[in-house]
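J.: Predicted coordinates and the sequence they were generated for:
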Amino acid sequence: MPASQGYTDNIVDLKVLQGLVGSDWLNESVLFKSGAVLRDTRPLPTGTFVTDVRTKMFEDDEEGQAIGVGSTLSSAERKQIAMNHPIVRRGSVALVDDIQGEIQAGGPEDMARMADEIRRAAAVYFDTALIKALEGSMASTALSSLQVGTGATLTLPLLNAAKFARGDKGYAAFQNGFILWSSAMQQTATDLGLVAATSNTYGMNAQNQIVMTGMVDKVLGMNVLVSDKLTAPDANDHYAYLLEQGAFIVRGGMEPKIVISDVENGFASKLKFRITFSAGVRGVSWAGSQQDVYTNTELGTAANWTLGANSYKHVPAVRMLTDNN
């Protein structure tokens with residue numbers, strides 16, 4: 001057994017920790033608990049890519065950004081079949097490095113703390129990957145009919161035009177759905193009287209930079225989601241996204257794989273985890289190369305996405321370009 005996966009003098013029981021985390025970390029994801037995510041609980045299928053895959057796993061920082069190439073993946077881990085949406089792997093390289101520089105074999109409180117840190121970090125990676133997939137797919141030229149606005153000032157008519165971009169479904173398409181925009185756009189909407197100022201929030205607020213403002217704050221029947229992870233086209237304009245319930249489709253077991261690392265003289269100083277899931281927007285297909293792991297940049301690249309439904313009217317999202325002022 002490799003030293004990085006065995007028990008050391010200061011390691012907690014990984015099986016117990018794994019059981020504590022389970023798939024409960026999904027409840028820390030604002031996008032998931034808002035209702036914007038439709039989860040397919042079937043496991044990821046196995047198969048073989050028709051193109052060469054990467055043999056290394058990307059390691060991510062606390063914001064879910066790939067920062068380097070990590071350990072070599074086994075042949076079994078590389079056997080993932082081509083799917084409509086890319087398979088995303090996220091992990092932490094030094095999750096509990098602040099516990100006296102070591103992972104201590106403490107009591108239930110230590111175990112609970114480690115489980116909570118894994119849950120929060122996994123939710124950050126999950127929400128970030130979904131937002132980047134949304135940005136990339138909604139910028140696809142094949143879905144250009146789903147963009148409304150040219151940088152004009154935010155107004156109710158513009159919001160209604162975005163709703164009617166869905167065509168046949170029109171206004172009803174986003175009833176009880178979501179509008180996702182930046183904090184700057186939230187302030188603009190508040191100043192215009194389109195949404196009431198409120199402290200009624202849930203989620204991790206600034207910790208993962210995404211907040212749901214609560215059912216009180218609705219814009220034309222849509223719940224408001226605020227995230228500064230969104231990319232702005234320039235200093236003056238911003239993108240806002242209209243989403244139906246279950247706009248995102250996610251597949252996978254969702255239980256992180258947890259291992260210890262940096263073992264020296266029988267002591268481990270780091271804890272790593274990795275979650276693996278496929279993710280994308282319903283009605284949109286992955287058009288990029290099939291590989292073993294995807295960076296946020298790749299997920300956010302428009303050329304990697306194409307229309308997968310019969311018509312853009314069946315895609316449960318619309319991008320709106322509007323002035324921040």
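T.: Great, that's in hand.
J.: any idea which element K272 lies in?
T.: Assigned by DSSP states H and E, K272 belongs to strand 267-281.
J.: buried stuff in the helix or strand hosting K163?
T.: Using DSSP H and E, K163 sits in helix 156-164. By neighbour count on 16 or more other Cβ atoms under 10 Å, the buried set for helix 156-164 is 158-159, 162-163. (C-beta placed from N, C-alpha, C; glycine too.)
J.: Let's see it as CSV, backbone CA atoms only.
T.: Extracted C-alpha coordinates of helix 156-164, given in CSV (Å, rounded to 0.1, in the frame of the first residue of the first chain):
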residue,chain,number,x,y,z
LEU,A,156,-38.3,45.7,-17.2
PRO,A,157,-38.9,45.6,-21.0
LEU,A,158,-35.4,44.3,-21.5
LEU,A,159,-36.1,41.6,-18.9
ASN,A,160,-39.3,40.7,-20.7
ALA,A,161,-37.5,40.5,-24.0
ALA,A,162,-35.1,38.1,-22.5
LYS,A,163,-38.0,36.0,-21.3
PHE,A,164,-39.6,35.9,-24.7
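J.: quick one, strands of the stretch 151-300 of the chain?
T.: 178-181, 202-203, 210-212, 218-219, 222-227, 237-243, 248-251, 257-264, 267-281, 284-286 (DSSP state E, counting those that start in this stretch).
J.: Going by contacts, tell me the helices and strands next to the longest one.
T.: To tie it back to what came earlier, the one meant is strand 267-281. strand 87-92, helix 108-138, strand 248-251, strand 257-264 (3 or more Cβ pairs under 8 Å, 6 or more residues apart in numbering; DSSP states H and E).
J.: and the first one, what's its mean pLDDT?
T.: Summarised as a single mean, pLDDT over strand 87-92 is 77.
J.: hmm, back to that, mind listing what the strand holding K272 pairs with, with the direction of each?
T.: Each strand that pairs with strand 267-281, with its direction, by DSSP bridges: strand 87-92 (antiparallel), strand 248-251 (antiparallel), strand 257-264 (antiparallel).
J.: picking that back up, need the winner for burial among the helices and strands packed on strand 267-281.
T.: strand 87-92 (a mean of 24; mean count of other Cβ atoms under 10 Å).
J.: tell me the angle that one makes with helix 108-138.
T.: 140 degrees (axes from the mean of the first three to the mean of the last three Cα atoms, to 10 degrees).
J.: Poorly predicted segments of the stretch 101-250 of the chain, please.
T.: Along the stretch 101-250 of the chain, segments meeting pLDDT under 70 span 101-107, 167-171, 197-217.
J.: quick one, domains of this structure?
T.: 3-137+249-310, 145-247+317-323 (automatic domain parsing).
J.: before we move on, the earlier item: can you check which of the strands paired with strand 267-281 gets nearest to V30?
T.: Taking Cβ to Cβ, strand 248-251 is the member of the strands paired with strand 267-281 nearest to V30, at 12.0 Å.
J.: Quick check: the gap between G288 and G300.
T.: 11 Å (Cβ to Cβ, to the nearest Å).
J.: Over to G177?
T.: Counting by Cβ to Cβ, the gap from G177 to G300 is 22 Å.
J.: more neighbours, these two?
T.: G177 (24 against 20; other Cβ atoms under 10 Å).
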